[in-house]
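Colleague: I would like to see how this sequence folds:
(2 chains)
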Amino acid sequence: DGGITQSPKYLFRKEGQNVTLSCEQNLNHDAMYWYRQDPGQGLRLIYYSQIVNDFQKGDIAEGYSVSREKKESFPLTVTSAQKNPTAFYLCASSTTQGKTQYFGPGTRLLVL
Amino acid sequence: QKEVEQDPGPLSVPEGAIVSLNCTYSNSAFQYFMWYRQYSRKGPELLMYTYSSGNKEDGRFTAQVDKSSKYISLFIRDSQPSDSATYLCAMNAGNMLTFGGGTRLMVKP
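Modeller: Numbers count the residues shown, from 1 in each chain, chains lettered A, B, ... in the order given. Below you'll find the predicted structure:
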């Protein structure tokens, strides 16, 4: 089955800790995206990558970092600099020409 | 003012009702319009995708775009309890999507 997988489903972060969220896709899509969703709010773009070894900041990149070493993988690290990390994190992918994005199941990050 | 405005709801309807969900936007460069359905604690699922003004139908769902008014709608006929979810509109003028805040729909049996 083609699709996007995210892991873990739930993640707990202690204060001062960096945590990494995994996103993998087997759709052969070039572009990948990370969004943050807070209760009752729409999706806000954190980072995106349109090609391997290249990525750009979105609207709310502060406190986050990413890498794109493989086409299939786009991990997101929530650093200790992100003071309000509790949210639902969504990964998406698309073709570079595509106008639609396809989403993974999400990771819920909670702070202990 | 947000680029894409969407009434957050919640919108509560009885089973079998016709549901109308709407978004307005301000950026006339938007060309592609999408509706996503998101169940609680799940990722958004693409429902409908349209390019031009007019209507597009898929089963019980109809997407309508009026570019002159900068207004898009999603109609759901014969609504079912399984349609209870948050519906997100999205649109783009390139490869980046701009989302509405979502409308929460509840269909009561």
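Colleague: Tell me if the strand or helix carrying B:Gln64 is near chain A.
Modeller: Per DSSP states H and E, B:Gln64 falls inside strand B:61-66. No: taking C-beta under 8 Å from any C-beta of the partner chain as the criterion, strand B:61-66 and chain A are apart, separated by no less than 12.8 Å. Using the backbone N, CA and C atoms, a C-beta is placed for each residue, glycine as well.
Colleague: What are the buried residues along that strand?
Modeller: B:61-65 (16 or more other C-beta atoms under 10 Å in any protein chain shown).
Colleague: what does stretch A:92-103 give?
Modeller: A:92-94, A:99, A:101-103.
Colleague: That one near chain B at all?
Modeller: Yes: with C-beta under 8 Å from any C-beta as the criterion, chain B is reached by stretch A:92-103 at A:94, A:96, A:98-103.
Colleague: Mind giving me the packing neighbours of the strand holding B:Gln64?
Modeller: If you count contacts as 3 or more C-beta pairs under 8 Å, 6 or more residues apart in numbering or on different chains; DSSP states H and E, strand B:61-66 packs onto strand B:32-38, strand B:45-50, strand B:54-58, strand B:71-76.
Colleague: go again using 7 Å as the cut-off
Modeller: strand B:45-50, strand B:54-58, strand B:71-76 (3 or more C-beta pairs under 7 Å, 6 or more residues apart in numbering or on different chains; DSSP states H and E).
Colleague: do you know how far the nearest residue to A:Gln101 once chain neighbours are set aside is from A:Val66?
Modeller: The shortest distance from A:Gln101 to any non-neighbouring residue, by C-beta to C-beta, 6 or more residues apart in numbering or on different chains, is to A:Ala92 (4.1 Å). For A:Ala92, the distance to A:Val66 equals 13 Å [C-beta to C-beta, to the nearest Å].
Colleague: ditto for A:Asn28
Modeller: Noted for A:Asn28: a distance of 20 Å to A:Val66, by C-beta to C-beta.
Colleague: Tell me which of those two has more neighbours.
Modeller: Taking other C-beta atoms under 10 Å in any protein chain shown, A:Asn28 and A:Val66 do not tie; A:Val66 has more neighbours (22 against 10).
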